[in-house]
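K.L.:
Here is the input, now give the coordinates:
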Amino acid sequence: MTTDMSQTKWHGVPRKEILWFPVLDAIKCIGCELCYVTCGRGVYNMVFPARKAIVESPYNCMVGCSTCAVGCPSSAITFPPREVVHEIEKKYKIFQEVHKEAEEKRNKRLPERSCGCSTSKNNTCVPTVKK
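P.N.:
Predicted coordinates:
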């Protein structure tokens with residue numbers, strides 16, 4: 001069962017306020033199931049016996065993703081223009097939140113570098129003292 005992501009937030013913006021999701025033309029759909037198999041977020045389901053894809057969970061779509069449309073051999077899947085995402089970025093000034101999320105991600109991943117040093121919070125090289 002697919003998790004409903006409609007109540008989540010995208011960089012602080014309620015997902016339902018972002019009109020980014022696929023529109024599927026059932027007439028053009030050839031039932032190849034590529035969208036259903038490829039989408040890792042459970043946006044699609046298949047209807048039988050017609051073997052047609054449907055958009056079952058539109059808000060599960062990752063904002064800005066259009067992989068399914070790129071791969072669709074019959075061009076049955078379309079998305080809004082990318083400007084929809086850019087307008088949301090501007091309207092909600094998301095980059096302060098994005099930078100905070102990036103810092104949290106870096107702090108979780110502080111990798112050891114090939115030179116043998118660790119990294120500090122600002123991602124600069126800090127030599128490791130060997131005892």
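K.L.:
what's the pLDDT at Lys105?
P.N.:
With respect to pLDDT, Lys105 has a value of 94.
K.L.:
Then it would be within a strand, right?
P.N.:
No: secondary structure assignment places Lys105 outside any strand; it is helix (DSSP: H, G, I helix; E, B strand; the rest coil).
K.L.:
Just to check, Val13 is in contact with Tyr92?
P.N.:
Yes: applying Cβ atoms under 8 Å, one finds Val13 in contact with Tyr92, separated by 4.9 Å. From N, CA and C alone the C-beta is placed, and that goes for glycine too.
K.L.:
For the protein, which segments count as helices?
P.N.:
34-38, 67-71, 83-92, 95-109 (DSSP state H).
K.L.:
Met5: what's it in contact with?
P.N.:
Neighbouring residues of Met5 by Cβ atoms under 8 Å, 6 or more residues apart in numbering: Arg15, Arg41, Ser57, Tyr59, Asn60.
K.L.:
isn't the first one right up against Arg41?
P.N.:
The reference is to Arg15. No: counting by Cβ under 8 Å, Arg41 is not a contact partner of Arg15; they are 11.5 Å apart.
K.L.:
Comparing the two, which shows the higher neighbour count?
P.N.:
Ranked by neighbour count (other Cβ atoms under 10 Å), Arg15 and Arg41 place Arg15 first, with 18 against 14.
K.L.:
Which of the helices of the chain sits closest to Lys9?
P.N.:
helix 95-109 (8.9 Å; Cβ to Cβ).
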